[in-house]
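Colleague: Just to be clear, the model below is a prediction. Sequence and coordinates:
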Amino acid sequence: MSPWVLAVLVIGVNFVLWGGVGLLRFADELAARVRGRFRQWRGRGGRRRARHRAPSGRRSFSMHNADVGPGRRLTAADIAVLMAAHDEELVIEHSLAAISELVPAENVHVVSDYSTDRTVELARAAGVHVLQTATNVGKAGALQEGVTRFALAERFEAVLILDADTQLDPRYLEVALPLLDDPRVVAVAGCAQTRWHPGELSLLGAMIVAHRQRIYTLTQRLLKYGQTWRGLSATHIVPGFASIYRSRALEQIEVNAAGLVIEDFNMTFEVHAKKLGRVAFAPAACAYTQDPSNYRDYVKQTSRWALGLWQTLRRHRPRRGFFAAMLALLIAELLTSSVLFVLLPLVLLVLCAGELATSVGIDEAQPVADLVGDHLGLTAIALGVLLPDYLMTCAVAALEKRPRYLYLGLFFLAMRVTDAVIALRTLPRAWQERSSGQWVSPTRRAIVPEGTIVPENTMAA
């Protein structure tokens, strides 16, 4: 197999396609900013000249008028915050303090999903609205109960769904709310960033967290950014950790659909299936989340996400249209690349075993190695798999300004194999079982305030 074919499978046709659209979007937005500044400059010059001549009757330029659609621009007072939490005492206090700096505390609503720790106590102490479920109903059930019991869609123009371990960037609303000026936009997807404090983590933990951030960076910059440009709305996920839904759309979405392990894939598919409107996304609308730092929790969380995708595909049967076509391309690539990465360790084992056996005079293993080598050799793997994968890591390290990724990235290939196994293993489960939606949060780490020096050998739970 040609290294070029392998490189396409590793990098992905979708990354190339939507990355190209993303470049067009970047150029378009850059040109718009330049035009806006030029018009502002001309407007200031015109106002100075107007002192010396009669008005010409031409309308002056306004950045606000140029950017917004009809109606009033939403403010923080128009946004309800809905947080579902299950045993989150280590993180919820900091998350509530952060969101209360951006919206009034009376706009924040917490649904504790049968927590057995101090989650409810800490939420009430923060001065927000708190509701406790009688049983563990799962995140989707808790969100649905919050929307209904607090009457959020009737009281607010939009609802920000926020995870209990997530803290918004101070500029989140400044960036996200103007996207809702377009009346066609019914959801704004938050830009996920992992909370990066490597001093808290073991080497393995830092590698796992860095791998997750690499996924976030590549999928958001090379997929979602292009998929949400102008009239396009092709993204398959509005992540449930920090995203905004317009109330009129949220009322029509079945948040707590039966049989699904997670809700955010289904909510996004409902936006497309019911033609509720567009999904918008801006990379600067960042939110920081705490990702698993041990392998067991990573596998459990990733398995939930993968199973949730397959279950949502089972629930929403194929339809005709642009979103369906782009989704089919994405799923086809997910399956082919997963098969590639699952087979990769076996192929490497056979090729290396053949080389070793030949070197010590055991010729019986060579025919098998030759058979595999006729289709896929070590050079092709190095040039078509290892090199492109590591170059993507280098790009992420540069974008995120995290040089540690350069050596942590040497282990990312093993994590990609893990992801591939999970994707294929959970596929048949989506048709064999129905999920209750009940959840157990990953092992949380106490949040370290910014500026605190943590010894490098500190080991997190």
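Modeller: Cool, got the structure. Please read all numbers here as calculations on a predicted model, not as lab measurements. Numbers count the residues shown, from 1 in each chain.
Colleague: Wait, residue 419 touches residue 303, no?
Modeller: No. Contact between residue 419 and residue 303 fails when scored by CB atoms under 8 Å: they sit 10.2 Å apart. Backbone N, C-alpha and C define where each C-beta goes, glycine included.
Colleague: Between these two, which has more neighbouring residues?
Modeller: Set residue 419 next to residue 303 and count neighbours by other CB atoms under 10 Å: residue 419 wins out with 21 against 17.
Colleague: That one sits in which helix or strand?
Modeller: Here residue 419, judged by DSSP states H and E, is contained in helix 412-432.
Colleague: chain center to that helix: distance?
Modeller: Put simply, helix 412-432 sits 18 Å off its chain's centre (CA atoms, centre = their mean, to the nearest Å).
Colleague: which of the residues in that helix are buried?
Modeller: Under the neighbour-count criterion of 16 or more other CB atoms under 10 Å, helix 412-432 has 412-413, 415-424, 426-427, 430 buried.
Colleague: List of residues touching that helix?
Modeller: 207-208, 210-211, 214, 298-299, 302-303, 306-307, 310-311, 313-314, 334-335, 337-342, 344-345, 385-386, 389-390, 393 (CB atoms under 8 Å, 6 or more residues apart in numbering).
Colleague: Just list the residues touching the residue most central in space within the chain, thanks.
Modeller: The centroid of the chain falls nearest to residue 192 when counting by CA atoms, centre = their mean (5.0 Å). Listed by CB under 8 Å, 6+ apart, the contact partners of residue 192 are 216, 220, 239, 241-242, 286-287, 289.
Colleague: Give the single residue among these positioned nearest to residue 109.
Modeller: Nearest to residue 109 out of the contacts of residue 192 is residue 242 (CB to CB; 15.0 Å).
Colleague: Tell me the confidence at that closest one?
Modeller: We have a pLDDT of 97 for residue 242.
Colleague: what are the ranges of the helices in the stretch 201-350 of the chain?
Modeller: 203-219, 225-227, 247-250, 264-273, 295-315, 322-359 (DSSP state H, counting those that start in this stretch).
Colleague: Poorly predicted segments of the protein, please.
Modeller: In the predicted model of the chain, residues 1, 45-71, 354-375, 447-461 satisfy pLDDT under 70.
Colleague: domain assignment for it?
Modeller: Domain assignment for the chain, taken from automatic domain parsing, gives 76-297, 329-432.
Colleague: Which stretch among the ones you listed is buried most, on average?
Modeller: Each of those was scored by mean neighbour count; the highest is domain 76-297, a mean of 21, by mean count of other CB atoms under 10 Å.
Colleague: now do the same end-to-end measure for it.
Modeller: Taking CA to CA, to the nearest Å, domain 76-297 runs 35 Å from one end to the other.
Colleague: contacting residues around stretch 113-121?
Modeller: Residues outside stretch 113-121 that contact it (CB under 8 Å, 6+ apart): 84-89, 92, 110, 112, 130, 132-139, 141-142, 164, 439.
Colleague: does residue 81 sit in a helix, a strand or a coil?
Modeller: When classified by DSSP: H, G, I helix; E, B strand; the rest coil, residue 81 comes out as strand.
Colleague: Now do the same contact list for residue 246.
Modeller: Residue 246 makes contacts with 157-158, 180, 185-187, 277, as judged by CB under 8 Å, 6+ apart.
Colleague: repeat for residue 2
Modeller: Neighbour list for residue 2: 380, 384 [criterion: CB under 8 Å, 6+ apart].
Colleague: Please tell me how far it sits from residue 381.
Modeller: For residue 2, the distance to residue 381 (CB to CB, to the nearest Å) stands at 12 Å.
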